[in-house]
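**Student:** sequence unknown, structure follows:
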DNA sequence: TCAATATTACAAGAACTATTGAAATATTGT
DNA sequence: ACAATATTTCAATAGTTCTTGTAATATTGA
């Protein structure tokens, strides 16, 4: 993942409105929601929601599909997983067991996140 | 996790400079880095790095510890894991197998992320 | 104490973002 | 074609953030 992609995704989630929208879409999963439904659920002006959805779509955080006169939005979960992978790349320089005081299974979980680099990096 | 905490964390990662700093600290793991070392490694003005580190510390994204005249910064990984958990709360309304076209083990990984709610939510 | 180094605090300007309201576009059903 | 609905676009304002330079603070070692 490129840095610019990552910053755009994080920027998309740095607003309370967009975070609410994204979490709502995550809950809805594959089904997604249409724009008006999102606005009604979160009790926000439709044009404001549309404004934020446009940005989120452009960033790749959500996807959109036209359904007649409706626009159905869905959370782009694969993108989120890539983002987390990007963030934890070379986590602890190949020594995930070092990860602070967390229970081992909570940090750098090989089952969920991409392979951890085993190349320590020093500067 | 509260919404404001989450937005602050995402905002902290929405700048290329801060994202570079955080990823660098993630790589260094438990060892962390002192401010000047970070600035030198990323080839940035020390005061600019300090400015961003202050914000990141305030957001809880990194921790800081004094070492004589040095300030040693470390990535706050537990906070990041909580953030991911917050984001994927009630993922797919309790039906993680619905998560798009991802291989099942990549989405809503029970092994790594907190328990998935089993209560479907409809609006 | 004094000089040197590491880091932070402050101030100013440009650039960007969020919110709102009004208008425009597109689709549906009659 | 026409009216109704869903959604987006546009414009304007207020507020916020980023960067840079300069000054201040704190620690170290002589």
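**Tutor:** Arrived safely, thanks for sending. Please read all numbers here as calculations on a predicted model, not as lab measurements.
**Student:** for DNA strand C, what's its nearest residue on chain A.
**Tutor:** With distances taken as Cβ to the nearest atom of the strand, chain A approaches DNA strand C most closely at residue A:68, which sits 2.7 Å away. All C-beta spots, glycine's among them, are computed from the backbone N, C-alpha and C.
**Student:** how near is that residue to chain B?
**Tutor:** Remark: distance between residue A:68 and chain B (Cβ to the nearest Cβ, to the nearest Å) = 20 Å.
**Student:** that residue and residue B:70: what is the separation?
**Tutor:** If you measure residue A:68 against residue B:70 using Cβ to Cβ, to the nearest Å, the figure is 62 Å.
**Student:** who has more neighbours, those two?
**Tutor:** Relative neighbour count places residue B:70 above the other of residue A:68 and residue B:70, with 13 against 7, counting by other Cβ atoms under 10 Å in any protein chain shown.
**Student:** who are the neighbours in contact with that one?
**Tutor:** Residues touching residue B:70, when contacts are defined by Cβ atoms under 8 Å, 6 or more residues apart in numbering or on different chains, comprise B:34-36.
**Student:** sort out for me which of those are in helices.
**Tutor:** Among the contacts of residue B:70, the members falling in helices are B:35-36 (criterion: DSSP state H).
**Student:** mind giving me the ChimeraX select for the contacts of residue B:70, buried ones only?
**Tutor:** Of the contacts of residue B:70, the buried ones go into a single ChimeraX selection, burial set by 16 or more other Cβ atoms under 10 Å in any protein chain shown:
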select /B:34,35
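**Student:** can you convert the contacts of residue B:70 into TSV and add a column each for distance to residue A:52 and pLDDT?
**Tutor:** Converted to TSV, the contacts of residue B:70 look like this (distance: Cβ to Cβ, whole Å; pLDDT from 0 to 100):
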residue	distance to residue A:52	pLDDT
B:34	39	92
B:35	35	91
B:36	39	90
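**Student:** residue boundaries of the strands in chain A?
**Tutor:** Chain-ordered strands for chain A, with DSSP state E as the definition, fall at A:33-34, A:62-67, A:70-75.
**Student:** the most centrally placed residue in chain A and residue A:7, how far apart?
**Tutor:** In chain A, the residue lying closest to the centroid (Cα atoms, centre = their mean) is residue A:80, at 3.6 Å. If you measure residue A:80 against residue A:7 using Cβ to Cβ, the figure is 15 Å.
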